[in-house]
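Chemist: output the structure for:
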Amino acid sequence: MVPITTGVNVPHISGKQILDYEFALPPLPVQQRIAGILSAYDELIENSQRRIKILESMARGLYREWFVHFRFPGHEHHPRVGSSLGETPKGWKMRKLGDVVELNYGKALKKEDRRDGDYPVFGSSGVVGTHDTALVKGPGVIVGRKGNVGSVFWCDEDFFVIDTAYFVTSSLPLRFLYYVLPALNFINSDAAVPGLSRNQAYTLELLVPPASLLEKFCELAGTFERQASTLQRQIQNLRRTRDLLLPRLLSGQVAVHALSGAISDSPAGPPQ
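Modeler: Purely as a prediction, here's the structure:
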């Protein structure tokens, strides 16, 4: 492509230059077949996204059923006792968050200092990039500290956390805490830039079920989450393949007819 930018101090391109730019297009029937191939990828991605939402909803529903409504296996014959939350199952313990959880500070890592790698970088809004070094061994739970206060994220693999978020360590299963923490009343400690105070967070109370019930829950919820993670990886592969395929199809480097049936044969798309 021949560069057509102009301007001495600040290079730019005018609207007329864009409209006058000429480029080759394949015949209309080929364009339509290419559009059909790309639509098939998009449909696979959308189907996987819908399945992920269903799996996440099932895991959240299981948590609410067992630990909010107390309809866990065997609840019909389990006695209740009075507590600050009303009647709760006997044997469940009310604990201060600070007694069972530690919110650990992330580490400053400016965008320009990140080196593309295999490890996701988390901030208070979720994944903000990648790095070639991990700070925390996964799986783990990340909690927003600055900006998006109290946001909670899960990561299956080793990861890096920047200083706008905490990462969680605990004597309780992290999978259980991933569903508990969003329900806690975290308070902003800074009016200008919202921030989560660890001291305030540590005073919050949570109801801790017996270890045997937590183990059963984590086993079931983990099954849903692992299926969702597998689908998420398939989505990434589909997007990467689709984006690589488009210029090859338009240039004729890959023949349209050669892809017949290839998309449906593999969740990752046709071979490279």
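Chemist: can you pull the domain assignment for this protein?
Modeler: 26-79+209-272, 93-207 (automatic domain parsing).
Chemist: who wins for proximity to I13 among those?
Modeler: domain 26-79+209-272 (20.6 Å; Cβ to Cβ). C-beta coordinates here come from the backbone N, C-alpha and C atoms, glycine included.
Chemist: mean confidence score for the closest one?
Modeler: For domain 26-79+209-272, mean pLDDT is 86.
Chemist: off-centre distance for it?
Modeler: Domain 26-79+209-272 sits 13 Å away from the centroid of its parent chain (Cα atoms, centre = their mean, to the nearest Å).
Chemist: which SSE is immediately downstream of the strand or helix carrying L177?
Modeler: Element membership for L177 (DSSP states H and E) is helix 174-180. For helix 174-180, the following helix or strand on the C-terminal side (DSSP H and E) is helix 198-202.
Chemist: what packs against that following helix?
Modeler: helix 97-100, strand 101-105 (3 or more Cβ pairs under 8 Å, 6 or more residues apart in numbering; DSSP states H and E).
Chemist: want to throw those into CSV with distance to F159, mean pLDDT and mean neighbour count?
Modeler: Formatted as CSV, these follow (distance: least, Cβ to Cβ, whole Å; pLDDT from 0 to 100; neighbours: other Cβ atoms under 10 Å):
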stretch, distance to F159, mean pLDDT, mean neighbour count
helix 97-100, 22, 96, 16
strand 101-105, 13, 97, 18
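Chemist: A134 belongs to a strand?
Modeler: No: checked against DSSP: H, G, I helix; E, B strand; the rest coil, A134 lies outside a strand; its state is coil.
Chemist: nearest residue to it in space, ignoring adjacent ones along the chain?
Modeler: D158 (3.7 Å; Cβ to Cβ, 6 or more residues apart in numbering).
Chemist: okay but the one you found is in contact with G117, surely?
Modeler: No: using Cβ atoms under 8 Å, D158 is not in contact with G117, being 10.5 Å away.
Chemist: the strands in the stretch 151-272 of the chain, which residues?
Modeler: Shown for the stretch 151-272 of the chain, the strands assigned by DSSP state E, counting those that start in this stretch span residues 152-155, 160-161, 165-170, 205-208.
Chemist: most tightly surrounded among the ones you listed?
Modeler: strand 160-161 (a mean of 26; mean count of other Cβ atoms under 10 Å).
Chemist: next one: that one to chain centre, how far?
Modeler: Put simply, strand 160-161 sits 14 Å off its chain's centre (Cα atoms, centre = their mean).
Chemist: and it, what does it pack against?
Modeler: Using 3+ Cβ pairs under 8 Å, 6+ apart, strand 160-161 sits against strand 119-123.
Chemist: what does the strand it packs on contact?
Modeler: Defining contact as Cβ atoms under 8 Å, 6 or more residues apart in numbering, one finds that strand 119-123 is touched by 106, 109, 114, 127-134, 142, 144, 147, 153, 155, 157-162, 164-165, 167.
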